[in-house]
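**Student:** next comes the sequence, and after it the predicted model I'd like to discuss.
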Amino acid sequence: MHCPFCQHLNNRVLESRSAEAGRSIRRRRECLRCERRFTTYERIEYVPVTVIKRSGDRELFERSKVLRGIVRACEKTPVSSLAMEAIVDDIEAELQQRATREVTSAEIGEMVLAKLQAMNEVAFVRFASVYRQFQGIRDFAETLSQLQGDRGDRHEDGTENGQSSTYVVSAQSL
């Protein structure tokens, strides 16, 4: 490791600690020639994942794009930034574990939707509306019906399936 100040090769490690939630190691070093200190990070080198877009174009996976979409969907919801980062971390880890190095943008979108559905219904519907390119109120209503059906036997108001429970979807409430 070259010293960034004098380019000398010999240095010593003063301190090592885990960083970025265990995804890297931060090392404080001291140059043995000029005695200045600097920090280095050691990370796993991942094989790049290629995303195949709807248009057929290919581009490298960028976690920042996924995070940006999740942040927009989660605006004004109680979902924390740490939870949003965790979603992206999980998706990125899952992509790295795959044998194939190519993934469609549709697969990534479905992965995000699955995570958001478990976390926050409003964020799920917001992300779905952009990702699935909703054209009108019918698309929202269908997604809400699907979401209501996926919640299982218990409704938000505490009633069981088979009991009377009314949900009204109107254009004004969306």
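**Tutor:** All right, it came through fine.
**Student:** can I see the domain layout of the protein?
**Tutor:** Following automatic domain parsing, one finds the domains of the chain at 11-43, 50-150.
**Student:** next, count neighbours for residue 125.
**Tutor:** Residues lying near residue 125 (other C-beta atoms under 10 Å) number 19. Every C-beta, even on glycine, is put in place using the N, C-alpha and C of the backbone.
**Student:** output the helix or strand hosting residue 27 as CSV, nothing but the C-alphas.
**Tutor:** Secondary-structure assignment from DSSP states H and E places residue 27 in strand 24-31. C-alpha atoms of strand 24-31 as CSV (Å, rounded to 0.1, in the frame of the first residue of the first chain):
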residue,chain,number,x,y,z
SER,A,24,-15.7,-3.8,4.7
ILE,A,25,-12.8,-3.3,7.0
ARG,A,26,-11.5,0.1,7.8
ARG,A,27,-7.8,0.4,8.6
ARG,A,28,-5.9,3.4,10.0
ARG,A,29,-2.3,3.3,8.7
GLU,A,30,0.9,5.2,9.4
CYS,A,31,3.6,5.7,6.8
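**Student:** what comes into contact with that strand?
**Tutor:** Residues from elsewhere that reach strand 24-31 (C-beta atoms under 8 Å, 6 or more residues apart in numbering): 1, 3, 5-6, 8, 10-19, 36-44.
**Student:** rewinding a little: worst mean pLDDT among the domains of the chain?
**Tutor:** Among the domains of the chain, domain 50-150 has the lowest mean pLDDT, at a mean of 88.
**Student:** span of that domain from start to end?
**Tutor:** 31 Å (C-alpha to C-alpha, to the nearest Å).
**Student:** i'd like the first residue to be 94 from this point on
**Tutor:** Shifting the count to begin at 94 puts that one at domain 143-243.
**Student:** ok, back up a step: strand partners of the strand holding residue 120, parallel vs antiparallel please.
**Tutor:** Strand 117-124 has these partner strands in its sheet, going by DSSP bridges: strand 104-112 (antiparallel), strand 130-136 (antiparallel).
**Student:** what's downstream of the shortest one, the next helix or strand?
**Tutor:** Pointing back at strand 130-136 there. strand 143-145.
**Student:** next SSE downstream of that next one?
**Tutor:** Assigned by DSSP H and E, the successor of strand 143-145 is strand 151-153.
**Student:** who's in contact with that next one?
**Tutor:** Contacts to strand 151-153, defined as C-beta under 8 Å, 6+ apart, come from residues 141, 142, 143, 144, 145, 146, 195.
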